[in-house]
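>>> my questions concern the predicted model and sequence given below.
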Amino acid sequence: MVNRFHSYRLLMPLFVQYRWHVVQAILALFLASAFTLALPMMIKEIVTAAVAEDLAQLQTGFLVTLCVALGLGVASAYRFYMVSWLGERVVAVLRQRLFIHLTRMNSTFFDQNQIGELTSRLITDTTLVEQVVGTSLSVALRNFVLLLGSAVFLFMTSPYLSMLMLVVTPAVVAPVIYFARKYRLLSKESQAFIAESNAYANQVLSLIETVRAYQYEAAAHRHFSGVIEEGFRASKKRIWARSQLTVMIMVLVISAMVAVLWLGTLAVFTGDSGLTAGDIGQFFGYSVYISVAVAALSEVWGDLMRASGAMSRIIDLLAQPVDVQDSGADLKAYDISFDGVSFIYPLRKNIQILNKVSFEAQAGKVTALVGISGAGKSTIFKLLMGFYKHYEGSIQVGQSDSTELSTSGLRSSIALVSHQAGIFPMSLRENITLGGNYTEEAVLAAIKMANIDAFVEMLPDGLDTVVGERGVLLSEGQRQRVALARAIIRDADIVLLDEATNALDAITEEAITSALKGAFAKKTVLVIAHRLATVMDADHIVVLDQGEVQAQGTHRYLLKNSDIYRDIANIQMIISG
Ligand SMILES: Nc1ncnc2c1ncn2[C@@H]1O[C@H](COP(=O)(O)OP(=O)(O)OP(=O)(O)O)[C@@H](O)[C@H]1O
């Protein structure tokens with residue numbers, strides 16, 4: 001249990017940061033508790049005055065009770081505001097921190113973790129934390145104070161009845177603890193079904209076109225309904241356990257209280273213990289508080305446990321090392337050379353993806369990587385970008401070994417257009433500049449060179465039109481041209497194009513290629529392309545086969561000397577011819 005609550009350390013720095021709010025929340029909480037605890041005393045005053053038929057005393061009693069009630073209202077509202085503020089603030093800070101951290105994780109981390117699971121941590125886990133800080137913690141603390149205060153006043157009111165109460169307490173608490181544990185296990189089970197159904201729905205909806213094309217709808221409905229029904233069965237068991245728990249608490253607590261009060265009332269009648277009717281009223285008030293506090297504590301206990309799980313997952317995530325290391329030299333020259341580079345992906349340790357790959361790509365020249373699918377071409381780009389660092393051999397950029405370069409410096413010198421042209425749900429302009437500061441002229445020049453200027457003119461708000469999932473949907477070719485504009489405006493010294501024009505028609509591709517030639521003339525350009533026509537003019541072509549360099553040279557040289565290259569060329573001539 002100590003371990004479970006260990007995860008609450010996540011909140012400590014945040015509570016320190018917002019200490020004035022915490023102090024005010026605690027003050028308000030204690031104030032509200034004090035007013036609450038004063039109420040049974042007022043009952044005693046009123047009952048005593050009523051029994052003594054003292055009207056003046058009775059009126060004062062009611063007046064003070066009214067004031068106490070008012071004070072209780074104001075203090076409770078103040079506590080609610082402060083505590084809810086803290087909950088919202090904490091979750092806002094945690095979400096920002098988690099998002100920043102996630103965007104800085106390395107590629108291996110993303111290979112190992114599903115995106116759905118990560119976004120669920122970002123939203124669901126932090127929401128649980130918010131519930132805890134904004135509600136459960138304060139409920140727990142309030143009821144704990146109420147429990148302690150009531151116990152003290154209970155003893156002060158009547159030690160005799162309190163001792164009786166103590167004797168019956170284990171009979172009430174033991175079965176409640178047993179049922180609460182059972183309930184917790186069952187609620188974990190139903191949570192698991194919720195997660196499973198969420199993951200499945202996410203997957204199906206994101207692949208909706210494949211679902212429709214293969215008429216997978218009916219099977220998908222069956223699968224989803226199956227999981228939901230399982231979840232319902234688990235929830236039914238959980239709510240049944242909860243109902244048992246409620247009955248148990250109610251019956252046991254009320255019986256215990258009735259028994260104690262019965263004995264107390266008897267004691268008033270016999271007059272042995274010096275108890276008065278007012279004492280019984282006050283005692284009753286505090287015992288109601290105790291039972292209410294116990295019930296509330298058992299209620300929030302589960303929430304506190306669940307949030308503890310969520311917090312330990314957040315702590316684990318924040319503890320993962322981030323990718324970018326900013327120490328190291330900056331780039332000055334931009335020739336690239338791979339020397340005997342071998343590489344294995346961390347999650348596929350049995351396959352040698354690159355095997356002693358050596359080649360050079362010079363500044364001011366275009367170097368092409370060709371080879372059949374899976375040969376390792378994109379992997380070479382990933383190593384150049386520093387996405388994976390545990391390769392053998394050496395990668396030189398300029399005069400430096402790439403491991404000695406600062407990762408952010410290296411990446412700011414590279415413009416990458418990968419074969420998945422990602423579009424963010426924001427304006428076209430923001431999609432092109434991606435947070436960079438560029439003049440209007442630079443943006444216009446980039447969209448012209450990438451051949452999307454005519455398309456932009458047709459959009460309702462031009463460059464400020466929102467595109468992507470929340471706005472105008474772009475075709476594959478339009479997306480690719482936005483990605484190219486992104487690379488052009490970056491004006492980086494190294495340009496990596498991975499199938500950057502494969503979704504374009506021949507005429508557009510031709511127009512863009514000649515525009516790019518001008519834009520990238522002085523840069524170190526590396527191109528991956530399946531269509532040989534795209535790379536025939538390259539200054540240097542590297543032919544890869546199953547992770548090895550099979551041959552390299554110019555188009556003309558390779559046609560003569562590389563069987564694989566000749567085969568690819570022949571097949572493509574046949575296909576296009
Ligand atoms: N993140 C990864 N984890 C494990 N294996 C991977 C990962 N990415 C790629 N691979 C594997 O590495 C091999 C080379 O992939 P790579 O993407 O470099 O090939 P490619 O030559 O660019 O192929 P294509 O032309 O189809 O894009 C493939 O067998 C692929 O399955």
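Great, that's in hand.
>>> quick one: Gln191 from Glu130, how far?
To Glu130, Gln191 is 17 Å away according to CB to CB, to the nearest Å. Quick note: C-beta positions are derived from backbone N, CA and C, even for glycine.
>>> now swap in Ala50 and tell me
In terms of CB to CB, Ala50 sits 47 Å off from Glu130.
>>> for these two, indicate the residue with more neighbours.
For Ala50 versus Glu130, the count of surrounding residues by other CB atoms under 10 Å is larger for Glu130: 21 against 16.
>>> which SSE is the more buried one in?
Element membership of Glu130, judged by DSSP states H and E, is helix 126-131.
>>> give the other helices and strands that the helix or strand following that helix contacts.
For helix 126-131, the succeeding helix or strand toward the C-terminus, using DSSP H and E, is helix 137-157. Applying 3 or more CB pairs under 8 Å, 6 or more residues apart in numbering; DSSP states H and E, one finds that helix 137-157 contacts helix 19-51, helix 55-103, helix 159-206, helix 277-319.
>>> contact partners of helix 137-157?
When contacts are defined by CB atoms under 8 Å, 6 or more residues apart in numbering, helix 137-157 is touched by residues 25-26, 29-30, 32-34, 36-37, 40-41, 44, 79, 83, 161-162, 165, 279, 282-283, 286-287, 289-290, 292-294, 296-297, 299-301, 304.
>>> swap in stretch 100-108?
Here stretch 100-108 makes contact (CB under 8 Å, 6+ apart) with 118, 122, 317-318, 320-324, 346-347, 382, 387-388.
>>> now list the buried members of the residues you listed.
Using 16 or more other CB atoms under 10 Å as the burial test, these include Leu118, Leu122, Leu317, Asp323, Lys382, Phe387, Tyr388 as buried.
>>> if you count neighbours, what's buried in the helix or strand where Ser337 lies?
Element membership for Ser337, per DSSP H and E: strand 336-343. Neighbour counts over strand 336-343 (16+ other CB under 10 Å) mark Ile336, Phe338, Val341, Phe343 as buried.
>>> need the residues of the protein near the ligand, please.
Residues of the chain lying close to the ligand (CB under 6 Å from any ligand atom) are 111, 345, 347-348, 353, 371, 373-379.
>>> I'd like the residues you listed as TSV, with secondary structure appended.
As requested, those are arranged in TSV below (DSSP: H, G, I helix; E, B strand; the rest coil):
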residue	secondary structure
Asp111	helix
Tyr345	coil
Leu347	coil
Arg348	coil
Ile353	coil
Gly371	coil
Ser373	coil
Gly374	coil
Ala375	coil
Gly376	coil
Lys377	helix
Ser378	helix
Thr379	helix
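>>> report the buried members of those residues.
Among the residues of the chain next to the ligand, those buried by neighbour count (16+ other CB under 10 Å) are Ile353, Gly371, Ala375, Gly376, Lys377, Ser378, Thr379.
>>> pick out the most distant pair among those residues.
For these, the farthest-apart pair by CB to CB is Ile353 and Gly371; their separation is 12.4 Å.
>>> who's sitting farthest from the centroid in this protein?
Centroid-distance maximum for the chain: Thr270 at 65.5 Å, with CA atoms, centre = their mean.
>>> tell me which residue is most central in the protein.
In the chain, the centroid-proximal residue (CA atoms, centre = their mean) is Leu122; its distance is 1.5 Å.
>>> what residue ranges in the chain score low on pLDDT?
For the chain, the stretches flagged by pLDDT under 70 are 1-5, 184, 272-273, 324-333, 469-471, 573-577.
>>> what's the separation between the residue lying closest to Val133 once chain neighbours are set aside and Val341?
Spatially, and ignoring its direct neighbours in sequence, Val133 is nearest to Gly87 (4.2 Å; CB to CB, 6 or more residues apart in numbering). The gap separating Gly87 from Val341 is 51 Å, by CB to CB.
>>> same check, this time on Ala363
Going from Ala363 to Val341 by CB to CB gives 20 Å.
>>> before we move on, what about Ala500?
Going from Ala500 to Val341 by CB to CB gives 23 Å.
>>> go on, Asn143?
Relative to Val341, Asn143 is positioned 63 Å away (CB to CB).
>>> and Arg9, by the same measure?
Using CB to CB, Arg9 is found at 43 Å from Val341.
>>> check Thr433 too.
Taking CB to CB as the measure, Thr433 falls 33 Å from Val341.
>>> give me the neighbour count for Ser136.
By other CB under 10 Å, 22 other residues sit near Ser136.
>>> which ones are touching Ser337?
Applying CB under 8 Å, 6+ apart, we find Ser337 in contact with Ser358, Phe359, Glu360, Ala361, Ile395, Gln396.
>>> perfect, that will be all.
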